[in-house]
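Engineer: give me coordinates for this.
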Amino acid sequence: MRTGKPAHPLVVRVTHWIGAVAMLCMITSGWQIYNASPILPFVFPAWATLGGWLGGALNWHFAAMWVLAGSGLVYLAYGLASGHLRRDIRPAGPRAVWRDLIAALTFRLAHREGHYNAVQRLLYAGVLLVALLTVASGVSIWKPVQFGWITWSLGGYDIARRIHFALMSLIVGFLLVHLALVALVPSTLRSMITGGRIAPPSQEHGS
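Structural biologist: Purely as a prediction, here's the structure:
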């Protein structure tokens, strides 16, 4: 019989899955928007895009944006009020990151439910920061007149658009790493669905 508090509280799990679906919609609709006016010498295949055409993609993009913003605000509010961000997401020191990175690359990094290692902390804190910058750059190219000061601070509309694309690419990279880690440790997916349980210290040490 499993005891202990949930490894992932309900609010974290709900906002995680809502945010994941919204982010997927934003990425694929964003690729369709990009295809309408590419900034690099390639376009994304139609099967990887959402919206069918520029207008449809914009509708999907903005609808998903509000869903993602709502779930993100709920997560941040909970994280600050409960201490989750400070306790679980705040990055560790560089020595801890290097230690856990080497352990992960050599497949010697142990996983404990409800525990975030130093690499995970750095990645999660980093993607939260990137997400905020992505929102800012997205707003600057969505409303370049109303939010002209943001557009100007990013170097103008064209540069802001490139920054937005680069930040989106970083998020896609994070998602690929995240999925790879889930494939290596499938129990993390199960606990994000069921909540899992943090074993008491006596159980963690096998006593």
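
Engineer: now the helices for this structure?
Structural biologist: In the chain, the segments counted as helices under DSSP state H are 10-36, 54-82, 84, 94-105, 118-142, 148-153, 157-184, 187-194, 201-204.

Engineer: report all helices and strands that the longest one contacts.
Structural biologist: In terms of contact count using 3 or more CB pairs under 8 Å, 6 or more residues apart in numbering; DSSP states H and E, helix 54-82 is assigned the packing partners helix 10-36, helix 118-142. Every C-beta, even on glycine, is put in place using the N, C-alpha and C of the backbone.

Engineer: residue 46: which of the helices of the chain is closest?
Structural biologist: For these, the distance to residue 46 is smallest for helix 10-36, at 8.4 Å, taking CB to CB.

Engineer: buried stuff in the closest one?
Structural biologist: Across helix 10-36, burial judged by 16 or more other CB atoms under 10 Å covers 11-13, 15, 18-19, 22-23, 25-35.

Engineer: got it, and stretch 150-170?
Structural biologist: Buried residues in stretch 150-170 (16+ other CB under 10 Å): 150, 151, 154, 160, 161, 162, 163, 164, 165, 167, 168.

Engineer: what's near enough to touch the second one?
Structural biologist: Taking CB atoms under 8 Å, 6 or more residues apart in numbering as the criterion, residue 151 is in contact with 140, 141, 144, 157, 160.

Engineer: please tell me how far the residue nearest to residue 125 when sequence neighbours are not counted sits from residue 121.
Structural biologist: Once flanking residues are discounted, residue 125 sits nearest to residue 91: 5.0 Å by CB to CB, 6 or more residues apart in numbering. Separation of residue 91 from residue 121 (CB to CB, to the nearest Å): 5 Å.

Engineer: count the residues that sit near residue 62.
Structural biologist: Neighbour count of residue 62, defined by other CB atoms under 10 Å: 13.
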